[in-house]
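Engineer: model this:
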Amino acid sequence: MKITRRKLAAAVAASVTAPLLAQAPAPRTPDQELQAARDRMKSNGDKLAAQSVPMSTEPAFQFRA
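Structural biologist: Residues are numbered from 1 along each chain as shown. A predicted model of the protein is given here:
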């Protein structure tokens, strides 16, 4: 069987991108994207609130006037 480099490259590209396209999420409406962003922010806030930070911890910046 004789195959050219271009045909081989096309076959490899098709086999790599096809599964990626199948996993792509469905397009969302702006309202759904906003709600998803709010849910992520709440989830991240809950995770941060669960962490205990000692009072002796200094901030990584300084306030200067």
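
Engineer: pretty sure residue 36 contacts residue 25?
Structural biologist: No: using CB atoms under 8 Å, residue 36 is not in contact with residue 25; the gap is 10.1 Å. Bear in mind the C-beta positions are built from the backbone N, C-alpha and C, glycine included.

Engineer: the two: which is more packed in?
Structural biologist: Neighbour count, other CB atoms under 10 Å: between residue 36 and residue 25, residue 36 has more, with 11 against 5.

Engineer: measure the residue positioned nearest the centre of the chain to residue 62 for me?
Structural biologist: Most central in the chain under CA atoms, centre = their mean is residue 40, positioned 11.2 Å from the mean C-alpha point. Distance of residue 40 to residue 62, computed by CB to CB, to the nearest Å: 31 Å.

Engineer: same check on residue 52?
Structural biologist: Residue 52 is 24 Å from residue 62, by CB to CB.

Engineer: quick one: low-confidence ranges for this protein?
Structural biologist: 18-24 (pLDDT under 70).

Engineer: buried ones in stretch 52-60?
Structural biologist: Neighbour counts over stretch 52-60 (16 or more other CB atoms under 10 Å) mark no residue as buried.

Engineer: quick check: longest helix of the chain.
Structural biologist: Assignment by DSSP state H gives helix 30-50 as the longest helix of the chain.

Engineer: neighbouring contacts of that one?
Structural biologist: Applying CB atoms under 8 Å, 6 or more residues apart in numbering, the contact partners of helix 30-50 are residue 28.

Engineer: for that helix, the distance to its chain's centre please.
Structural biologist: 13 Å (CA atoms, centre = their mean, to the nearest Å).

Engineer: could I get that helix in CSV with only the CA atoms?
Structural biologist: C-alpha atoms of helix 30-50 as CSV (Å, rounded to 0.1, in the frame of the first residue of the first chain):
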residue,chain,number,x,y,z
PRO,A,30,-25.3,34.2,27.9
ASP,A,31,-27.6,33.5,30.9
GLN,A,32,-26.2,30.0,31.3
GLU,A,33,-22.7,31.2,31.0
LEU,A,34,-23.4,33.9,33.7
GLN,A,35,-24.9,31.3,36.0
ALA,A,36,-22.0,28.9,35.5
ALA,A,37,-19.5,31.7,36.3
ARG,A,38,-21.5,32.6,39.5
ASP,A,39,-21.5,28.9,40.5
ARG,A,40,-17.7,28.7,40.0
MET,A,41,-17.2,31.9,42.1
LYS,A,42,-19.4,30.5,44.9
SER,A,43,-17.6,27.2,44.8
ASN,A,44,-14.2,28.9,44.9
GLY,A,45,-15.3,31.1,47.7
ASP,A,46,-16.5,28.1,49.7
LYS,A,47,-13.2,26.4,49.2
LEU,A,48,-11.3,29.5,50.3
ALA,A,49,-13.5,29.9,53.4
ALA,A,50,-12.8,26.3,54.4
